[in-house]
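Colleague: any chance you could fold what I've pasted below:
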Amino acid sequence: MTIKADLGFINIAPEVLADIAGYAAMSCFGVKGMTIRSVSDGIAHLLRRENMSRGVRITEAEDGGVNIDLHLAVEHGVNIATVCRSIISEVRYNVEKMTGIDVKNVDVYVDAIRAD
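Modeller: Numbering: from 1, shown residues only. Have a look, this model is predicted:
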């Protein structure tokens, strides 16, 4: 992602945006972790903190900015809609604040519910 500034251009790697979005999502109440679906068995697996960005997909929007997809697991017993609204707000705020890039869309996919 390239941003035009007054004195030149700033390049921000998608991996950096994925890390920011992943850490922001993990800070929300009710989130157990980021997930990734296994190709072999189709089951969602919980990722460790160092691999958290694998549960995030960043794409550039057509009219500038980025779209963010988050795959995660939530705690058993929480209101999923409320948790997802909190995640969307937190991710959008942190990415825009830290990078200055406009976040067009944040999609949250709840792949698992964990009771442990």
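Colleague: give the partner strands of the lengthiest strand in the chain in its sheet and their orientations.
Modeller: Determined from DSSP state E, the single longest strand within the chain is strand 103-114. Applying DSSP bridges to the sheet, strand 103-114 is found paired with strand 66-75 (parallel).
Colleague: next, the buried residues of the partner strand.
Modeller: Applying a neighbour-count criterion of 16 or more other CB atoms under 10 Å, one finds 66, 68, 70-74 buried in strand 66-75. Backbone N, C-alpha and C define where each C-beta goes, glycine included.
Colleague: which residues touch His76?
Modeller: 113-115 (CB atoms under 8 Å, 6 or more residues apart in numbering).
Colleague: again, but for Glu62
Modeller: So Glu62 contacts nothing (CB under 8 Å, 6+ apart).
Colleague: for it, phi and psi?
Modeller: The phi/psi pair for Glu62 (degrees, to the nearest 10) reads phi -60, psi -40.
Colleague: now tell me which helix or strand of this structure has the poorest mean pLDDT.
Modeller: Using mean pLDDT, DSSP states H and E, the weakest-scoring helix or strand in the chain turns out to be strand 44-46, at a mean of 68.
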